[in-house]
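**Q** Sequence plus the predicted model coming up.
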Amino acid sequence: MLEALLAIFSVTTISSVLSASAPLIFASLGETLNERVGVINLSVEGTMMLGAMVGFAAAQTSDSVIVGFLAAMVVGALMAAIVAFGSITLKRDQVAIGFVLTLMGIELSSFLGAPFVRQPGPRIGPLPIPGLVDIPVIGPLLFDHDIITYLSFALIIGMWLWFYKTQPGLKLRGTGERPEAAFARGVNVIKMRYLYTLAGGALIGFSGAAFSLHVKLGWAHRHTEGFGWIALAIVIFGGWHPLRVAFGAYLFGLLRAAATTLQPVFPAVPVQVFPLLPFPLMILTLIIFNSSALDRVLSYLPLRLRRSLAGFLRSHPPAGLGAHFEQE
């Protein structure tokens, strides 16, 4: 058991978690962008699956992973555009539109992707950074990956800086929190919501291609099943904050790695249990972090530490999330 725990937290395992979590990072942060501007894009599951299929098909047909990722981003932006038009312009229910789009994306990916099932195709190659990769511990952890993993690191930092260190980021957060107040200060709320909804959708589409070209190579029916819903849960778990959302994505990746490592330790447990274990554990963690149980645990800590941890762990959705806005 001790050996299994050491294996879970080894440099090799954590490095693989950082790499394998890249698609979830893009999907979760894309949805964070959507929801911070006030739009619930519930089409993440379908968009990821359709993006994975289109990304792989375009990459295989053109023999270019760049074309594959661009095609997946276009698909993601188009799905998000439907959500934006239906909810912002037509003022229909965002949840219903996103859910229908999820079902459509799943079925479309299976129908259009049939010729590409189990077909070989291009993939993202490793890109270790010379010099930096040789640094003990830090090198293998951060500098021995491919371009997609490096981009996921950059996205985490870049989105945090954009949200909290720039004027456009302040307008973005204001639009999601109090659209009326933002409009009174000269912000074009409708334009902002369209812009960031499409940008978030493009990131979600990118995440699908990252899955089929980076993590689970190739295409098969329902290739990314479940990961879109997990991305939505991670956004809530992370309290709509880029750093906490990234932490949630990596935590889920670590749970998956732990499930794989623990299977040989408990041979009597059916093999189907461990691959499914991270999903209920993630949901359980989400429930605990948003219940009174967390308050009771934090109450035993010193006041300053309690406030810091409460601020990090508590989820507070944008006040204007899902609300329609009339811009005159």
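**A** Nice, thanks for sending it over.
**Q** part of a helix, is Gly86?
**A** Yes: according to DSSP: H, G, I helix; E, B strand; the rest coil, Gly86 belongs to a helix.
**Q** From Arg118, how far out is it?
**A** 35 Å (C-beta to C-beta, to the nearest Å). To be clear about C-beta, it is placed using only N, CA and C from the backbone, and glycine gets the same treatment.
**Q** What of Ala184?
**A** Distance from Ala184 to Arg118, by C-beta to C-beta: 56 Å.
**Q** again, but for Ala202
**A** From Ala202 over to Arg118 the distance is 28 Å, taken as C-beta to C-beta.
**Q** quick one, which of those two is more surrounded?
**A** Set Ala202 next to Arg118 and count neighbours by other C-beta atoms under 10 Å: Ala202 wins out with 25 against 7.
**Q** tell me the contacts of the more buried one?
**A** Counting by C-beta atoms under 8 Å, 6 or more residues apart in numbering, Ala202 touches Gly30, Met73, Val74, Gly76, Ala77, Ala80.
**Q** Just give me the neighbour total for the first one.
**A** Applying the criterion other C-beta under 10 Å, we find 31 residues in the vicinity of Gly30.
**Q** quick one, helices of the stretch 51-200 of the chain?
**A** In the stretch 51-200 of the chain, the helices defined using DSSP state H, counting those that start in this stretch lie at 65-84, 94-112, 138-142, 147-165, 167-177, 179-184, 189-210.
**Q** Of the ones you listed, which is nearest Met49?
**A** Using C-beta to C-beta as the measure, helix 94-112 is the one of these that comes nearest Met49, at 4.5 Å.
**Q** tell me the angle that closest one makes with helix 189-210.
**A** Orientation of helix 94-112 against helix 189-210 (axes from the mean of the first three to the mean of the last three C-alpha atoms, to 10 degrees) gives an angle of 30 degrees.
**Q** residues making contact with helix 94-112?
**A** 39-47, 49-50, 52-54, 57, 79, 82-83, 86-87, 221-223, 228, 322.
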